[in-house]
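>>> Below are the sequence and a predicted model; questions follow.
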Amino acid sequence: MKAIFFFFDDFGSSIIFLKDILKTMIFRPCSRRLVFEQIWQVTIQSLPTTAMAGFFVGAIMTVQFAMQVSEFGALPYLGGLATSGTIREIGPLLIAFMLSGKVGAYTSAELGTMRVTEQIDAIRCLGADPIQEIILPRFIGIIISSFFLLTIGLIMSVVGGVILGYFFSGINPEEYVRHIPTILAWPSLLSGLIKCLTFAVVLATICTYKGYFTTGGAKGVGRSVVSTAVTTMMSIVVADWGTSFVGEIIINMCKDYFL
Amino acid sequence: MSEAILSNETKGLINKNVIIEAKNLSVAFEAHTVLKNVDLFVEKGETLVLIGPSGQGKTVLLKTLAGLIEPTAGTLSLYHKQWRGLPENEKIKILDKMGMLFQKNALFDSLSCGENIAFPLREKTQKSELEIQEIVDYFLESVGIIHAKNLYPEEISGGMQKRLGIARALALMPELIFYDDPTAGLDPITSKKIIELILELKKKNNATVIAITNDMNRAYQMADRIAMVYQQNLIITGNVEETKKHSNPAVHQFIKGELLGPLNSSFENL
C-alpha cells in the first residue's frame, strides 16, 4: 500500500516538476550557450556507444528475421521486415534503454551531487533560479541530443542490417535496401521518430527530477542513480506501449494516403 | 525565553528595522520535528550568532530564515513580506539582497575560483566582463587568495575554500549575509582572521549578519546578540555579557563546555 502511495506521489511530483520546467522555458528561458554546451556534451559522450548499439540491434534483427523468412522463401523481403521491426519497435526501445543507463544516470548523479553538496542551494541563494540555470539547459539538451542519438542509432541499425544481411544470408545490399520502402511506410517511420522523441522527453524529465530531488549524501546519490535507471526503463516501456497504440491508430488513418 | 515575551513598546521600536521576523516557526521532515514554535526577529545591521549542540537544527533554522527550506508551520517574514506564497519574482528580488556561506562551502566544482565569484555577477548584473574581472580580483584580494584565481576549488586548501565561499557570498554586496559555521575545521589563527574579515566586510557594506558557530571565542568576537538552538526551540541569550551570565543551565553548560549538565541527555539522544 505504501509503495503504491509512494509511486503516485512520485509520479505527481514529477508532473509538477515538468510543469515548472515548461513554465520556466516559456517565461524565463535559459541561455542558448548553456543548452548548446549540454547538447555537445551529451552527444559527444554517447554517440559512439549509441551508434554501436544501433548497429548491433539492426544486425540481431536481421539475423533473427533471416532464420524465419528463409523457411518461407521470402528472403528478398528481409531488409523491409528487419528494418520495419527495428525502426518501429525494437530500435528506439533498446537504444533508449542504453541512453537511460548512460545519459540518465550521468545527469542524475551530477544533479544529485550538486544537491547534496548544497550547490543547488547556493545557486538559489545567489538570487538565480536553479531550474533556469541548471535544469532547463539539461532538459532541452538531453531531449535534442537523445532524439538525435536515437535517430543516428536507427540509421546505424539499417547499416548493421545491410552488412549482416550480406554476410549472414548473402543478400545483396541493394536488394536489402530496395525492399525497405515496400514494408516500411512513412507512417511507420514517423511512428519510430515519435517514439524517439517521446523516450527523449521521458528520459530528460525523470533524470532531472530524480537528480534535483536527491537527499541523503553519497548514499542518496547512489539511490537516485539506480532509481533513475529503473524508473526510466519502466516508463519507456509504458511510453512504448502508448506510442504504439496511438501510432497504430495514426497508421490506420493514413493507410489510404500512403500505401 | 523567546522573542514573544518582549513588551509591545519594545516591539514597536524595533519593528521598523526588523528585516527578518519568524513567528511560531516549525520545521519538520516527515515525522521528525526539527524546530517547533520558534519566534525570532533580526534587525538591520545587527550580527546574530546562533550556537547550540550539534544536530539541534541550527543549519535548518539558518536555511529556513534564508528561504531555502519551507517551514511546515508558522510565518516567516523577510523584508516585511510573507515568504510563503510570495511570487517567484518577488522571492528572487529578496534573495538578491542575500548572501550565504554554506557549511561545506558549496563551491561550484566545475568552475575555477575566479569563475565562482564571477557567477553571481554574470547572472545578476549587466556589468561588462572587464568590470566583473575587476570585482573578482578585488574580492579575491580581500580574502587573500588572488593567487588561486585560476585554480579549481578542489585544488585549494579548506581554509582557502572557506575564504572563497565568503568572497562569493559577498560578490553582490548583499545586505543580509548568512554564515554557516565559517570557522569549522580551521585552525585558531585562521579562524580569527576569517572572523575579522567577516566583520570588516560587514562594516564596509553595513550588512546584517546571521552566523552559526560553536566556537564561543569567535561567537563573542562577532556577536551583537546570541541565540541558542536547543530542544527544537530557540533561547535568545542576549548580548555577549548577558550570554555569559545567562541563568539557563543548558546555555551555561554549553558556553563553558562542561561535561555535566542538562545537555548530556540531548547528546545521548543524538
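Thanks, I have the structure now.
>>> can you point me to the longest helix in the chain?
Reading this off chain A. Longest helix of chain A, by residue count under DSSP state H: helix A:217-258.
>>> Correction: the question concerned chain B.
Longest helix in chain B, counting by DSSP H: helix B:188-205.
>>> does chain A sit close to that helix?
No: against chain A, helix B:188-205 shows no contacts by CB under 8 Å from any CB of the partner chain, the least distance being 15.8 Å. Yep, even glycine has a C-beta here, placed from its N, CA and C like the rest.
>>> Show me what that helix is packed up against.
Counting contacts by 3 or more CB pairs under 8 Å, 6 or more residues apart in numbering or on different chains; DSSP states H and E, helix B:188-205 packs against helix B:158-170, strand B:208-212, helix B:216-222.
>>> SS state for the residue in the stretch 151-259 of chain A that chain B sits nearest to?
Nearest to chain B, among the residues of the stretch 151-259 of chain A, is A:T215, at 9.0 Å (CB to the nearest CB). Secondary structure assignment for A:T215 (DSSP: H, G, I helix; E, B strand; the rest coil): coil.
>>> any chance you could read off phi and psi for it?
With angles defined as degrees, to the nearest 10, A:T215 sits at phi -140, psi 150.
>>> wait, doesn't it sit right on A:V116?
Yes: counting by CB atoms under 8 Å, A:T215 touches A:V116, with 7.5 Å between them.
>>> In terms of packing, which of these two has more residues around it?
A:V116 (19 against 13; other CB atoms under 10 Å in any protein chain shown).
>>> sorry, back to before: local confidence estimate at the residue of the stretch 151-259 of chain A closest to chain B?
At A:T215, the model reports a pLDDT of 90.
>>> show me the contacts for it.
A:115-116 (CB atoms under 8 Å, 6 or more residues apart in numbering or on different chains).
>>> how close does it sit to B:L95?
Per CB to CB, to the nearest Å, A:T215 is found 22 Å from B:L95.
>>> What ranges does the stretch 51-200 of chain B have for its strands?
For the stretch 51-200 of chain B, applying DSSP state E, counting those that start in this stretch gives strands covering B:73-78, B:81-82, B:98-101, B:176-180.
>>> What confidence value was assigned to B:K91?
pLDDT at B:K91 comes out at 88.
>>> B:F119 too?
Looking at B:F119, its pLDDT stands at 91.
>>> burial count for it?
Around B:F119 there are 21 residues (other CB under 10 Å).
>>> for the longest helix of chain A, packing partners?
helix A:91-99, helix A:105-116, helix A:186-212.
>>> got a pLDDT number for the residue of chain A positioned farthest from its centre?
Distance from the centre of chain A peaks at A:G73, with 35.3 Å (CA atoms, centre = their mean). You'll see A:G73 listed with a pLDDT of 80.
>>> and if you look at B:K203?
86.
>>> I'd like the distance between it and A:T151.
60 Å.
>>> Show me what from chain B comes close to chain A.
Within reach of chain A by CB under 8 Å from any CB, chain B has these residues: B:63, B:66, B:68, B:88, B:92, B:95-96, B:98-100, B:102-104, B:106-109, B:119-120, B:123-124, B:168-169, B:172, B:178.
>>> hmm, which of these are the buried ones?
B:63, B:66, B:68, B:92, B:95-96, B:98-100, B:102-104, B:106-108, B:119-120, B:123-124, B:168-169, B:172, B:178 (16 or more other CB atoms under 10 Å in any protein chain shown).
>>> Much appreciated, bye for now.
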